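Enquirer: A predicted structure for the sequence below; I have some questions about it.
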2 protein chains.
Amino acid sequence: MKHDVSPDSIPPRGHEAKRASIMDAAGAVFCRESFAGANIDMIAAEAGVSRQTIYNHHGDKEKLFVAIVRDLTERCNAGIFATISTFPDQPKDLEADLIAFAVRMTRNCICSRDGKFLRKLIQTEGERYPELFAEWRELGPGRTWPAIAARFARLAHAGFLDIEDPDVAARQFQALANAELQTTFMLGGTPTDDEVLQSATHGVRTFLRAFAKRQPAADAQKHSALAGA
Amino acid sequence: MKHDVSPDSIPPRGHEAKRASIMDAAGAVFCRESFAGANIDMIAAEAGVSRQTIYNHHGDKEKLFVAIVRDLTERCNAGIFATISTFPDQPKDLEADLIAFAVRMTRNCICSRDGKFLRKLIQTEGERYPELFAEWRELGPGRTWPAIAARFARLAHAGFLDIEDPDVAARQFQALANAELQTTFMLGGTPTDDEVLQSATHGVRTFLRAFAKRQPAADAQKHSALAGA
DNA sequence: GACGAATTAGACAAGAGTGTCTAAATTTAT
DNA sequence: ATAAATTTAGACACTCTTGTCTAATTCGTC
């Protein structure tokens, strides 16, 4: 019998390494080849694992696929929320801070390995697994958009921006920041750091032309940050 | 021997009906199932044609796929240029006219059957056929973006907008117009007319907050449309 | 070092899909 | 009507893939 030191029957340690290796490889292969085009032997080879081990861990191809999507959704969500937490609530230089935030968002969440994989899987297989991707929609965009919108609302309330609808503004911010990367994303490519910075810079400038407080009049506005801590 | 009335040996008339039927069905099936997931029997059934006929027309699955992508690219390009030609060069009501244009763009080019299919195929198989999709990139975005940018440049030159870089403005216009439809597009869905109008309206308003001529001062600007015909 | 659990290679049956071939039926134009 | 071209259904060989099974091996732990 086993010691069972941990709460729930946790299988040996080495397992987890294999498991992670399988998840990584399966994500990559499903992403590259699509569900139908991927085959278990490819995944096994890429994971450095025997085919049987994959069946031992996940049962069958479809269960494996579902596990991958759930895993990617979780990991991406974590990344997105981590990045949202770096939103400039008390910006020193509004433009520079928003550009930096936009770049972080694009690099860490959209261009990241997980981000790229999840996006591709959603685009490719979304229609085939309605309930799975409905789940993603709720847990992903359904939670992240309000969180981003709330940050913009705060920024507006603190007097830095002139926003009517924070939800719309949040989506437009993201759209503007990535406006010049669309074609690259379409083809599954990864933009260079320079391209990301360019697009973010142009996007944020336009965003601020639209939403920055209109008449700075005197400096009365600037110091009226009574919404602070 | 045949009359050979037309320039190059044109096969019988009825062929074309079958050919078109095959293209339609193949586009739909490839889009729905991805290249690897699609099978010829499915396409044959959906086209109301025997499997052998498909092989007679196109040789093999891959050649058929390439033919589909080329066909869709051409048709979409035609649609995009047709829509671009309705760009409001001499707008009566700038906001209303740009909103209407944005809606046409989204409905006719992005939400259209061909647009949806082409987009999905590019996203799904783009990495697998680099040269084919490089071709698309040149003939598609490579030609349409400059065309749209040129229209915005004209509008700016005519005094309606305050734009520094028309290429950037064109991409941002498009990004803003579809900002609220991204999640729907991701999952392969088609937004309602209402959603399209909403997103376009919000997008154009933001676009104009950023790029409308700043100080309308008198009405001097409005009538200085000396860039006209 | 010895035990039990997990992993491995390989063979295997079953099923599905591609692309070819044939002979019959259908269409099209003369 | 007749002749040529095209389409069709079905059978076919071939390949690939899935998922299972077995026996040998390796790994982690005591």
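Expert: Ah, there it is. These numbers come from a predicted model, not from an experiment.
Enquirer: Where does the record place the domain boundaries for chain A?
Expert: Domain ranges of chain A: A:9-59, A:74-223, per automatic domain parsing.
Enquirer: rank the ones you listed by mean pLDDT and give me the bottom one.
Expert: Least confident of the domains of chain A, judged by mean pLDDT, is domain A:9-59 with a mean of 90.
Enquirer: That one near chain B at all?
Expert: Yes: against chain B, domain A:9-59 shows contacts by CB under 8 Å from any CB of the partner chain at A:32, A:33, A:34, A:35, A:36, A:37. (Each C-beta comes from the backbone N, C-alpha and C, glycine too.)
Enquirer: residue ranges of the helices in chain A, please?
Expert: A:13-37, A:40-47, A:51-58, A:61-84, A:94-104, A:113-125, A:130-139, A:141-157, A:166-177, A:182-186, A:193-211, A:220-223 (DSSP state H).
Enquirer: Check those helices for me and report the most buried one.
Expert: Scoring the helices of chain A by mean neighbour count under mean count of other CB atoms under 10 Å in any protein chain shown gives helix A:166-177 as the most buried, with a mean of 24.
Enquirer: who does that helix touch, helix- and strand-wise?
Expert: helix A:94-104, helix A:141-157, helix A:193-211, helix B:166-177, helix B:193-211 (3 or more CB pairs under 8 Å, 6 or more residues apart in numbering or on different chains; DSSP states H and E).
Enquirer: any idea how far the residue most central in space within chain A is from residue A:183?
Expert: For chain A, the residue nearest the mean C-alpha position is residue A:109 (3.5 Å; CA atoms, centre = their mean). Distance, residue A:109 to residue A:183, by CB to CB, to the nearest Å: 19 Å.
Enquirer: Ok, residue A:151 next?
Expert: According to CB to CB, residue A:151 stands 29 Å off from residue A:183.
Enquirer: How about the backbone phi and psi for residue A:165?
Expert: With angles defined as degrees, to the nearest 10, residue A:165 sits at phi -120, psi 100.
Enquirer: Would you mind measuring from it to residue A:55?
Expert: Applying CB to CB, one obtains 50 Å for the distance of residue A:165 from residue A:55.
Enquirer: same thing with residue A:40?
Expert: Going from residue A:40 to residue A:55 by CB to CB gives 8 Å.
Enquirer: who wins for proximity to DNA strand D among the helices and strands packed on helix A:166-177?
Expert: Minimum separation from DNA strand D across the helices and strands packed on helix A:166-177 (CB to the nearest atom of the strand) falls at helix A:141-157, 30.2 Å.
Enquirer: Quick one: list the elements packing against the closest one.
Expert: Here helix A:141-157 touches helix A:61-84, helix A:166-177, going by 3+ CB pairs under 8 Å, 6+ apart.
Enquirer: Next, the angle helix B:166-177 makes with the shortest one.
Expert: Interaxial angle of helix A:166-177 relative to helix B:166-177 (axes from the mean of the first three to the mean of the last three CA atoms, to 10 degrees): 150 degrees.
Enquirer: ditto for the longest one
Expert: When the same axes, to 10 degrees is applied, the directions of helix A:61-84 and helix B:166-177 differ by 110 degrees.
Enquirer: Correct me if wrong: residue A:168 contacts residue B:201.
Expert: No: the criterion here is CB atoms under 8 Å, and residue A:168 misses it with residue B:201 at 10.0 Å.
Enquirer: How about residue A:126, nearest residue that isn't a chain neighbour?
Expert: Residue nearest to residue A:126 in three dimensions, not counting chain neighbours: residue B:187, with 4.2 Å by CB to CB, 6 or more residues apart in numbering or on different chains.
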